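1. Below is the sequence, then the predicted model.
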Amino acid sequence: MKSIGVVKAAPIEDPESLIDRDIPLPSPGPNDLLVRVHAISVNPADYRMRQRKEDDGQFVVLGWDVAGEVVASGKNVTAFVAGDKVYYAGDLTRPGANSEYHVVDEAIVGHAPISVDLICAAALPLTTLTAWEALFDRMGLSPEKPENGKTLLIVGGAGGVGSMAIQLARLVPGLQVIATASRPESRDWCEKLGAHAVINHFGDMAEQLAVQNLSAPDLILLLNDPDRHYPALADMLAPQGKLCCIVPFKQDPNLNLLMRKSASFLWEFMFTRAMFSTADKSTQGVILNSVAAMIDNGRLISTATQNIGAINAANLRAAHLQLESGRTIGKLLLSGF
C-alpha cells in the first residue's frame, strides 16, 4: 500500500523530510480494525515527531487524525463491522495513518458523524479529544453543571484544539469563554465559534481583560508557546484556579508561581490512554461517539478549513510547512491517494 513517512529528521523544505513509499498491508490484531483511509488532518504532533525522528534508517509513518471505512476486523471486535465509517486519533506507540490502510484498536475509535463527509470528520478526533479531556476530565467542567460567574481563558483560540475548546466550553451553562488571537482573521474565527471576548496573547493580557471589564480567569487552557505565556498567566489566574497545558515547555516552568494562590497546574496529553492502555481507554471511543451526535444535531461544527489535496509526500510537506508557521486557522486536511 502507499504511505508517507520519515527516515530522519530534516527541515520541512527538504524533499527528504517526508517521502512516499510502498509498504506491506497491515493485518488487524484480535481487538483491531483495518481501516481504508479516506482523509487525514495534520497536527503539531506530526511535525514534532518528524523533527525528533532518530537517524536510525527506519522508515516511520506518522499521522494521528483519520476518517475512513472499516474493511476488516479482529476476532474480538464487537462494535464495528465492515463498511462502517469511522474516525479516530490513533496511538503514538503504533504506526501512524498517513497510508492507504491503517490498523487501530477499536477501543479508541468512534462512528463518524453522518451529517458531514469524511474529510470534515477527519478534522475532529485529535483536537476534540484533547479539548474534551482538558475541559471535562482535567478541569472538571461539564455541560450538565452550571458555572455561573466563572471565566475560562483559552490561549490560542484559533488553532485546532482552541477551535474545539471554544465550542465545547460554550456548552457549559454560565461559563464565560475568552479566547486569544493575534490577527483579525483569527479573532473573527474565535468569535464565530462562540467566544464571548477575544484578546491578543502578544499584548498585555491582564490589561486587556481590565480594559474590557473582564474578571481574572478561574480556568486557563494553554495551547501554545508555554515558555512565553506561562509567567503572565500564572500572575493572571484567579486564586484556587486551574491552568491546563497541552504542549511541552522548553525550560522547566516555575510552579512556585502558583503556590500562594493554591492553584493547580494540569497536563493534558491526548495519547495517554492509548499509550498506557489505561483501564478507561475505551472512554475515547465513547467521547467520539458523543461528539458525532453533537455534530449531527448541530451543537458542534467541524473545524476543517482547507483541503490541501491528495495524500502524498509533497502535499503533506506543504501542510507541515503551513502548520509550522503558527498561523493556521482551524484544521488542514488531505484526502484520497
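-> Everything's here; your move. Numbers count the residues shown, from 1 in each chain.
2. Quick one: mean pLDDT for stretch 191-205?
-> The pLDDT scores in stretch 191-205 average 96.
3. Figure out how far that stretch is from the centre of its chain.
-> In this view, stretch 191-205 has its centroid 19 Å away from the chain centroid, taken as CA atoms, centre = their mean, to the nearest Å.
4. So which bits of the strand or helix carrying Ser290 are buried?
-> Here Ser290 sits within helix 283-296, counting by DSSP states H and E. By neighbour count with 16 or more other CB atoms under 10 Å, helix 283-296 contains the buried residues 283-285, 287-289, 291-292, 294-295. From N, CA and C alone the C-beta is placed, and that goes for glycine too.
5. Show me where the stretch 101-250 of the chain has its strands.
-> 101-105, 109-111, 151-155, 176-180, 197-199, 219-222, 242-245 (DSSP state E, counting those that start in this stretch).
6. Next, format these as JSON lines and append distance to Met1 and mean neighbour count.
-> Converted to JSON lines, those look like this (distance: least, CB to CB, whole Å; neighbours: other CB atoms under 10 Å):
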{"stretch": "strand 101-105", "distance to Met1": "5", "mean neighbour count": "24"}
{"stretch": "strand 109-111", "distance to Met1": "19", "mean neighbour count": "24"}
{"stretch": "strand 151-155", "distance to Met1": "39", "mean neighbour count": "27"}
{"stretch": "strand 176-180", "distance to Met1": "40", "mean neighbour count": "26"}
{"stretch": "strand 197-199", "distance to Met1": "44", "mean neighbour count": "22"}
{"stretch": "strand 219-222", "distance to Met1": "38", "mean neighbour count": "28"}
{"stretch": "strand 242-245", "distance to Met1": "37", "mean neighbour count": "23"}
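7. Dump these into CSV; add distance to Pro11 as well.
-> Shown next, in CSV, are those (distance: least, CB to CB, whole Å):
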stretch, distance to Pro11
strand 101-105, 27
strand 109-111, 34
strand 151-155, 27
strand 176-180, 29
strand 197-199, 33
strand 219-222, 27
strand 242-245, 27
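8. what's the nearest residue to the residue most central in space within the chain if we skip its chain neighbours?
-> Central residue of the chain (CA atoms, centre = their mean): Thr127, 2.1 Å from the mean position. Closest residue to Thr127 apart from its sequence neighbours, by CB to CB, 6 or more residues apart in numbering: Gly160 at 3.9 Å.
9. thought the one you found was touching Ser302?
-> No. Look at Gly160 against Ser302 with CB atoms under 8 Å: they stay out of range, at 11.0 Å.
10. what do these two both touch?
-> Residues touching both Gly160 and Ser302 (CB atoms under 8 Å, 6 or more residues apart in numbering) are 123, 331.
11. And these two? Which one has more around it.
-> Gly160 (30 against 23; other CB atoms under 10 Å).
12. what sits against His196?
-> 176-178.
13. and of these, the nearest to Leu257?
-> Ile178 (20.6 Å; CB to CB).
14. these two touch, right, that closest one and Lys150?
-> No. Judged on CB under 8 Å, Ile178 makes no contact with Lys150 at a distance of 11.3 Å.
15. Can you list the neighbours in contact with the helix or strand hosting Asp20?
-> For Asp20, the enclosing helix or strand under DSSP H and E is strand 19-22. The contact list for strand 19-22 (CB under 8 Å, 6+ apart) reads 1-7, 59, 312-313.
16. Filter the residues you listed down to the buried ones, PyMOL style.
-> To isolate the buried members of these in PyMOL, using 16+ other CB under 10 Å:
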select buried, resi 2+3+4+5+6+7+312+313
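17. now, which of the contacts of strand 19-22 lie within helices?
-> Within these, residues falling in helices by DSSP state H are Ala313.
18. which ones are touching the residue nearest to Gln208 when sequence neighbours are not counted?
-> Leaving aside its chain neighbours, Gln208 sits nearest to Ile199 (4.1 Å; criterion: CB to CB, 6+ apart). The contact partners of Ile199, taken as CB under 8 Å, 6+ apart, are 178-180, 205, 208-209, 212.
19. Kindly report the same for Gly156.
-> Contacts of Gly156 by CB under 8 Å, 6+ apart are 162, 180, 201, 222-225.
20. Please check those residues and keep the buried ones.
-> By 16+ other CB under 10 Å, these give 162, 180, 201, 222-225 as buried.
21. farthest pair in these?
-> Distances among the buried ones among the contacts of Gly156 were taken as CB to CB; the most separated pair is Gly162 and Asp225, at 12.7 Å.
22. Surely Leu153 touches Ile178?
-> Yes. Contact criterion CB under 8 Å: Leu153 and Ile178 qualify, at 4.9 Å.
23. what do those two both touch?
-> Counting by CB under 8 Å, 6+ apart, the common neighbours of Leu153 and Ile178 are Pro217.
24. give the contact list for Arg273.
-> Arg273 neighbours (CB under 8 Å, 6+ apart): 108, 280-281, 283-284.
25. Apart from its neighbours in sequence, what residue is nearest Gly57?
-> Val7 (6.7 Å).
26. show me the contacts for that neighbour.
-> Here Val7 is in contact with 16, 19, 53, 55, 57-60 (CB under 8 Å, 6+ apart).
27. I'd like to know which of those residues is nearest to Phe265.
-> Lys53 (29.7 Å).
28. The closest one is in contact with Gly5, isn't it?
-> No. Using CB under 8 Å as the test, Lys53 is too far from Gly5 to be in contact (9.2 Å).
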